[in-house]
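Peer 1: next input, structure requested:
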Amino acid sequence: MNASAPPPVIELRGLRKAYNLGTPVETEVLHGIDLSLAEGEFAALIGPSGSGKSTLLNLIGLLEQPTRGQLLMGGRDTAQLPEAELTALRGRSIGFVFQFHHLLPAFSALENVMMPAIIARGVADDEAEADALALLEAVGLKAHAHKKPAALSGGQQQRVAIARALALRPRLILADEPTGNLDTHTADEIFALLRSFNQEQRCACLIVTHDPRLAARSDRVIRLVDGRLDSDTLFTPPLQEN
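Peer 2: Alright, predicted model coming up:
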């Protein structure tokens, strides 16, 4: 690594995850993962069902703790951070997009997108609303800002979820099958949106997908099999600073 280069957005060193520790049914699902993701990089994570993809995403997203190994974010060892700081880091540095949008049904699209800023700042201020409107415009939904999720199509709901994930301009986007519940045309549109935000904001993106068409349009394809990295293919270099 160049001495002047920033540390990777995430770096995993020998990461392992086991469940039911100390019991007869103890099971290790991740077996020593070494992986890093740089600023501006767009990677697809693929592999058969049960290979550990969602578990890996949960660890990277600081939703679970590894059993062994290190997880560094921006060069900081997350195991050394107190719980309150981990929670703050998760909220401001990581944006999550899931297969099912998980929008709050009682709130409008605008309010859903504002929610991360409201949680972070403790208030729904004009700045949060302006930012949320700008994001809804970017995903083509400004005209639907005041509609509740039930009044939106599946593709529109996922667009709102992407806007919400980007509300605090996170350094890392984690997406677990974000197009898995959509038709091919809508899936292509959602993928293109994620790609455009990745290029414009230089956030790193790690996308779990079963769609080989979408994986092939990434900078990098990481294949996980039986809890181990089977291959890691770089197609194009990540965007570099001028």
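
Peer 1: before we move on, which element is residue 132 in?
Peer 2: helix 126-138 (DSSP states H and E).

Peer 1: how about residue 210?
Peer 2: Residue-wise, residue 210 maps onto no helix or strand under DSSP H and E.

Peer 1: quick one: contacts for it?
Peer 2: Contacts of residue 210 were listed using CB atoms under 8 Å, 6 or more residues apart in numbering, and they are 46, 177, 180. For every residue, glycine as well, the C-beta is placed using N, CA and C.

Peer 1: how about residue 19?
Peer 2: Contacts were defined as CB under 8 Å, 6+ apart; by that measure residue 19 touches 26, 27, 29.

Peer 1: also residue 203?
Peer 2: Going by CB under 8 Å, 6+ apart, residue 203 touches 39, 40, 95, 166, 169, 170, 171, 172, 173, 197.

Peer 1: looking at the residues you listed, which are in strands?
Peer 2: 95, 172, 173 (DSSP state E).

Peer 1: wait, residue 72 touches residue 81, no?
Peer 2: No: if you go by CB atoms under 8 Å, residue 72 and residue 81 don't touch, sitting 10.8 Å apart.

Peer 1: tell me what the helix holding residue 132 is packed against?
Peer 2: helix 109-121, helix 154-165 (3 or more CB pairs under 8 Å, 6 or more residues apart in numbering; DSSP states H and E).

Peer 1: what's the spacing between the spatially most central residue of the chain and residue 127?
Peer 2: Nearest to the geometric centre of the chain sits residue 174, at 1.1 Å (CA atoms, centre = their mean). Using CB to CB, to the nearest Å, residue 174 is found at 25 Å from residue 127.

Peer 1: against residue 94, how distant is the residue nearest to residue 201 when sequence neighbours are not counted?
Peer 2: Spatial nearest neighbour of residue 201, excluding adjacent residues (CB to CB, 6 or more residues apart in numbering): residue 169 at 6.2 Å. To residue 94, residue 169 is 11 Å away according to CB to CB.

Peer 1: more neighbours: the two, which one.
Peer 2: Taking other CB atoms under 10 Å, residue 169 and residue 94 do not tie; residue 94 has more neighbours (22 against 13).

Peer 1: model confidence for residue 242, exactly?
Peer 2: Per-residue pLDDT puts residue 242 at 41.
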